[in-house]
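Undergrad: Fold the following, please.
(chains A and B)
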Amino acid sequence: MAADLWTALFIAILTAFTGYEVISRVPTLLHTPLMSGSNFIHGIVLVGGIVALGFATNTPERVVGFIAVVMGAMNVTGGYVVTERILAMFDRSKKGGGKP
Amino acid sequence: MTSIAQYVVDAVYVVAIIVFVLGLKAMSSPATARRGIVYAWVAMLIAVVVTFLSPGLSNYLWILVGVAIGGGGGYYWAKVVKMTAMPQMVAVFNGMGGGAAAAIAAVELLTSLTGATAYLSVAGAIIGSISISGSVIAFLKLQDWMPSKAIVLPARQYVNFTVLILAVGSGIYAVGWQHTFYLTPFFALLVLYGILLTLPIGGADMPVVISLFNALTGIAVGLDGFALVNGPLGDAGYAMVIAGVLVGAAGSLLTVLMARAMNRSVGNVFFGAFGATEETGGPTGTLRPIDATDAAVLMEYAGEVVIAPGYGMAVAQAQQKVKELADLLQAKGVTVKFAIHPVAGRMPGHMNVLLAEAGISYDKLFDRDEINNEFPSVDVVLVIGANDVVNPAARRKGSPLEGMPILDVDKARTVIVIKRGKGKGFAGIENELFYADNCRMLYGDAQAAVAQLVQALKQS
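TA: Modelled structure (predicted):
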């Protein structure tokens, strides 16, 4: 049992360094997509919601689990669409930017 | 008793994680950013589908309905919202993630109040709940559904601290003494704390607030993941640990960068109630107004014009007009550049997004560090709705802005400031720039004022 927690802790530590390294040299230009992209990535919370609701056995658990799934799903799709829209604009501006 | 199906699930999760990290990496460069988000989307889809298909689940209908409601709602909302409303959208979706993390922790606590995992759930619940209620307040402020000024309640430090202690205490009590009842005040007090924490933070500090809540949600998700690794679907827990910590680390870094751009600590942003008090006194002198025709002439005969946008441009949605102005000037042979302060606007990179939306090429946008040395040789700087980030008082000892890295626009030959009225900036202090000899004020709403400039340029 406890071994899993230790494994998770090691993973967490290594991930923290990875996150720091991957992000540390991001230009200001990408601060918004980066933030909104990481906003999308923590939408992984949806899988936790699915697990919580999928193994719920009584009504209170189901109701709260349902809330978790709704919110998690909203986080994932909303976070993705927002990021996509922002990045799409950068793409367009790269190509010399519209008509005068 | 690991089954073949379990190996497949494990392997698929590993693939998803790799694609995730590659996606985040790709998002750190403009050329590959769009590919990066698609990678991350694929990874997310894999993780969600494989979780849904894992053996042992029940309540399938509830799950599907929940995903349909949340996913459909999030998709629709994110599609229809205007680009100018992006900061509050990011706040909302971030809050949703925090809320989901808190709800998952609640389910875990309802299921079992024993062992180390229960305390991990308590920790996840604390951070997730603060993140959702704080994000909602941030949303209301950004949406102007409540005053965006700092709202300072009496003795708030003591009140806030007491609320937090009571909340954490009831959470620990609930787990330590196996009292499900105490979970209710636990969550209620946490939500209250998130509200109290965010109320005293004013609008211009929002870039720090949004990126901090983003990091917090990541950490909450990671903590939930810890609580789930021993559960029936450990893989989901590991995935949450990795994605959550990744966001937590990246988000914390971004938060610190934002705070540093204002020469303040993250603690000062949250507990300092900055901008609630107004300085009396300040610089005196006369403001010199200019009309649009004269301003247009100044710019037309300049060799180089630098535009420094701020929140005023976002409020007035003037970015299209600004693009028109830049194009006209360029057609007349004037070099046009944009100087972007890291905390201009209401979220990290806010100005970049708006100017990109208008179709301005990002190689015309320059960071503070890139352009600051150039100002002495610039003929005209056009400040559009920015205030504190161009206030030279930041260089003076004893000013509330002391030490804040600013755009040195006052060093240019002429500065034209588009400003709605004579009000002060967010920091509540007079802007010494406006009284400088080389500064001219062009009063008006940013969109209207820039439209006048465009008109004047077209006629000349």
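Undergrad: Give me the residue at the spatial middle of chain A.
TA: Residue closest to the average C-alpha location in chain A (Cα atoms, centre = their mean): residue A:41, at 1.6 Å.
Undergrad: so where's the chain uncertain?
TA: Picked chain A for this. A:1-3, A:91-100 (pLDDT under 70).
Undergrad: nope, chain B
TA: B:1-2, B:273-283, B:422-428.
Undergrad: So which residues of it form strands?
TA: With DSSP state E, the ranges of strands along chain B come out as B:304-309, B:335-340, B:365-367, B:380-384, B:414-419, B:439-443.
Undergrad: what about the ones you listed, which gets the closest to chain A?
TA: Nearest of the strands of chain B to chain A, taken as Cβ to the nearest Cβ: strand B:365-367 at 4.9 Å. No exception for glycine: its C-beta is placed from N, CA and C like everyone else's.
Undergrad: now for the closest one, which elements pack on it?
TA: Applying 3 or more Cβ pairs under 8 Å, 6 or more residues apart in numbering or on different chains; DSSP states H and E, one finds that strand B:365-367 contacts strand B:335-340, helix B:350-357.
Undergrad: Quick one: list the elements packing against the shortest one.
TA: Where contact means 3+ Cβ pairs under 8 Å, 6+ apart, strand B:335-340 is packed against strand B:304-309, helix B:319-331, helix B:350-357, strand B:365-367, helix B:368-371.
Undergrad: ok, back up a step: please produce JSON lines containing the strands of chain B, extended by mean neighbour count.
TA: Output for those, formatted as JSON lines (neighbours: other Cβ atoms under 10 Å in any protein chain shown):
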{"stretch": "strand B:304-309", "mean neighbour count": "25"}
{"stretch": "strand B:335-340", "mean neighbour count": "22"}
{"stretch": "strand B:365-367", "mean neighbour count": "19"}
{"stretch": "strand B:380-384", "mean neighbour count": "29"}
{"stretch": "strand B:414-419", "mean neighbour count": "25"}
{"stretch": "strand B:439-443", "mean neighbour count": "20"}
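Undergrad: Please produce CSV containing the ones you listed, extended by distance to residue A:48.
TA: Shown next, in CSV, are the strands of chain B (distance: least, Cβ to Cβ, whole Å):
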stretch, distance to residue A:48
strand B:304-309, 40
strand B:335-340, 37
strand B:365-367, 37
strand B:380-384, 44
strand B:414-419, 48
strand B:439-443, 53
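Undergrad: what's the spacing between the nearest residue to residue B:272 once chain neighbours are set aside and residue B:204?
TA: The shortest distance from residue B:272 to any non-neighbouring residue, by Cβ to Cβ, 6 or more residues apart in numbering or on different chains, is to residue B:264 (7.3 Å). Distance, residue B:264 to residue B:204, using Cβ to Cβ, to the nearest Å: 11 Å.
Undergrad: give the contact list for residue B:330.
TA: Residue B:330 is in contact with residue B:336, counting by Cβ atoms under 8 Å, 6 or more residues apart in numbering or on different chains.
Undergrad: hang on, the earlier thing: the residue nearest to residue B:272 and chain A, how far apart?
TA: Applying Cβ to the nearest Cβ, to the nearest Å, the value for residue B:264 to chain A is 17 Å.
Undergrad: That residue: neighbouring residues, count only.
TA: Close neighbours of residue B:264, defined as other Cβ atoms under 10 Å in any protein chain shown, add up to 19.
Undergrad: for residue B:458, same thing?
TA: Around residue B:458 there are 10 other residues, counting by other Cβ under 10 Å.
Undergrad: How about residue B:70?
TA: 27.
Undergrad: how about the helices in the stretch 51-200 of chain B?
TA: For the stretch 51-200 of chain B, the helices defined by DSSP state H, counting those that start in this stretch occupy B:60-80, B:86-111, B:115-142, B:156-176, B:183-198.
Undergrad: and the closest residue to chain A within the stretch 351-460 of chain B, what are its phi and psi?
TA: Among the residues of the stretch 351-460 of chain B, residue B:359 lies nearest to chain A; the distance is 3.4 Å by Cβ to the nearest Cβ. Phi and psi for residue B:359, reported as degrees, to the nearest 10, are phi 90, psi 20.
Undergrad: can I assume it is in contact with residue B:323?
TA: Yes. Shown here, residue B:359 and residue B:323 form a contact pair, counting by Cβ atoms under 8 Å, at 5.8 Å.
Undergrad: Leaving aside the residues adjacent along the chain, what's closest to residue B:90?
TA: residue A:36 (5.3 Å).
Undergrad: Now do the contacts for that neighbour.
TA: A:79, A:82, A:83, A:86, B:86, B:90.
Undergrad: Including neighbour count and distance to residue A:67, could those residues go into CSV?
TA: Formatted as CSV, the contacts of residue A:36 follow (neighbours: other Cβ atoms under 10 Å in any protein chain shown; distance: Cβ to Cβ, whole Å):
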residue, neighbour count, distance to residue A:67
A:79, 32, 18
A:82, 27, 22
A:83, 30, 24
A:86, 26, 28
B:86, 26, 26
B:90, 32, 21
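Undergrad: okay, how far is it across stretch B:104-119, tip to tip?
TA: In stretch B:104-119, first residue to last residue: 13 Å (Cα to Cα, to the nearest Å).
Undergrad: hmm, it touching chain A?
TA: Yes. Using Cβ under 8 Å from any Cβ of the partner chain, we find that stretch B:104-119 touches chain A at B:104, B:106, B:107, B:108, B:110, B:111, B:116, B:117.
Undergrad: Quick check: buried residues in that stretch?
TA: B:104, B:105, B:106, B:107, B:108, B:109, B:110, B:111, B:113, B:117, B:118, B:119 (16 or more other Cβ atoms under 10 Å in any protein chain shown).
Undergrad: Please report the distance of residue B:366 from residue B:303.
TA: 17 Å.
Undergrad: try residue B:260
TA: 33 Å.
Undergrad: Show me which of these two is the more surrounded one.
TA: The residue with more neighbours, out of residue B:260 and residue B:303, is residue B:260; 16 against 12, by other Cβ under 10 Å.
Undergrad: that older thread, quick one: which of the helices of the stretch 51-200 of chain B is nearest residue B:21?
TA: Closest to residue B:21 of the helices of the stretch 51-200 of chain B is helix B:86-111 (Cβ to Cβ; 19.0 Å).
Undergrad: helices or strands next to that closest one in the packing?
TA: helix A:31-41, helix A:45-54, helix A:59-94, helix B:60-80, helix B:115-142, helix B:183-198, helix B:206-228, helix B:350-357.
Undergrad: Highest mean neighbour count out of those?
TA: helix A:45-54 (a mean of 32; mean count of other Cβ atoms under 10 Å in any protein chain shown).
Undergrad: what angle do that one and helix A:59-94 make?
TA: Interaxial angle, helix A:45-54 versus helix A:59-94 (axes from the mean of the first three to the mean of the last three Cα atoms, to 10 degrees): 160 degrees.
Undergrad: what angle separates helix A:45-54 from helix B:60-80?
TA: 150 degrees.
Undergrad: Does chain B have contacts with helix A:45-54?
TA: Yes. Against chain B, helix A:45-54 shows contacts by Cβ under 8 Å from any Cβ at A:45, A:46, A:47, A:48, A:49, A:50, A:51, A:52, A:53, A:54.
Undergrad: before we move on, back to that, could you work out the most separated pair of the contacts of residue A:36?
TA: A:79 and B:86 (11.9 Å).
Undergrad: Mind checking what secondary structure the residue nearest to residue A:34 when sequence neighbours are not counted has?
TA: Nearest non-adjacent residue to residue A:34, counting by Cβ to Cβ, 6+ apart: residue A:26, 5.5 Å away. When classified by DSSP: H, G, I helix; E, B strand; the rest coil, residue A:26 comes out as coil.
Undergrad: so who does the nearest residue to residue B:175 once chain neighbours are set aside touch?
TA: Closest residue to residue B:175 apart from its sequence neighbours, by Cβ to Cβ, 6+ apart: residue B:118 at 4.6 Å. By Cβ under 8 Å, 6+ apart, the residues touching residue B:118 are B:108, B:109, B:112, B:175, B:227.
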